[in-house]
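Colleague: Everything below, folded, please.
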Amino acid sequence: MEEISAEQLASELYQQGVSNFESGNYQQAIAILDRARALAILETTLGGEILIWLANAYDADGKTEEAIALCRSLKKHPVNSVRKSSRYMLGILTAPQLSKLEGVVSEVPILQSPDRYQSKPVAKSNTTTNNQKPFREVPLEKPNTESNNNFLWFAIAVSLLLLAFWTTK
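Modeller: Residues are numbered from 1 along each chain as shown. Presented below is the predicted three-dimensional model:
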């Protein structure tokens with residue numbers, strides 16, 4: 001029977017943890033990545049990647065403070081790519097929340113099939129008393145090209161007269 005080293009087992013657990021994370025099983029990903037962390041040498045690339053994915057899983061599971069603490073501990077990791085990833089994640093995790101604009105309505109498409117489109121507007125807040133729309137609506141109909149446009153003919157005639165006058169000088 002073949003003996004599996006701790007590093008190989010950590011690598012396999014890492015792959016399982018990433019797979020669980022990508023499937024949306026964040027708690028299971030945390031459990032598996034914790035097991036991988038216990039087996040791996042944390043100063044290696046694999047150890048750093050395990051910790052990065054563990055921080056991602058913590059954040060996805062709502063444990064943002066634990067994710068921030070883990071990213072801060074990786075700021076001095078010996079592998080440059082791990083330090084870079086932890087700084088990037090730390091920037092995202094500690095960024096201030098953006099405030100939501102009042103009275104803005106977003107239209108979210110419901111795609112039932114590629115050929116049909118049905119929109120479902122998001123409900124407006126009751127605090128807005130002004131019924132004006134923030135932008136003017138522009139009809140997207142085919143322009144009327146069959147009517148006579150006298151201004152166009154006048155502009156062409158004046159342009160031709162000016163050109164003829166200019167060439168006679």
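Colleague: Roughly how far does the most centrally placed residue in the chain sit from Ala60?
Modeller: Nearest to the mean C-alpha position of the chain, counting by CA atoms, centre = their mean, stands Ile92 at 11.9 Å. As for Ile92, its distance to Ala60 is 12 Å (criterion: CB to CB, to the nearest Å). For glycine as for every other residue, the C-beta is placed from the backbone atoms N, C-alpha and C.
Colleague: quick revisit: so where does the residue nearest to the centre of the chain fall, helix or strand?
Modeller: Using DSSP states H and E, the element containing Ile92 is helix 80-93.
Colleague: what's the average pLDDT for that helix?
Modeller: The pLDDT scores in helix 80-93 average 93.
Colleague: Run through who's touching it.
Modeller: Outside helix 80-93, the residues within contact range by CB atoms under 8 Å, 6 or more residues apart in numbering are 45, 48-49, 51-52, 55-56, 59, 64, 67-68, 71-72, 74-77.
Colleague: Would you mind confirming that Glu66 makes contact with Ala60?
Modeller: No: Glu66 lies out of contact with Ala60 (CB atoms under 8 Å); the separation is 11.5 Å.
Colleague: can you pull out the strands in the chain?
Modeller: All strands of the chain, identified by DSSP state E, fall at 107-113, 116-121.
Colleague: Comparing those by mean pLDDT, which bottoms out?
Modeller: strand 116-121 (a mean of 56).
Colleague: Look up the closest residue to Glu66, ignoring the ones flanking it.
Modeller: Counting by CB to CB, 6 or more residues apart in numbering, Glu66 lies nearest to Tyr58, which is 4.5 Å off, once chain neighbours are set aside.
Colleague: Report how many residues lie close to Ala95.
Modeller: 8 (other CB atoms under 10 Å).
Colleague: Thanks again, I'm all set now.
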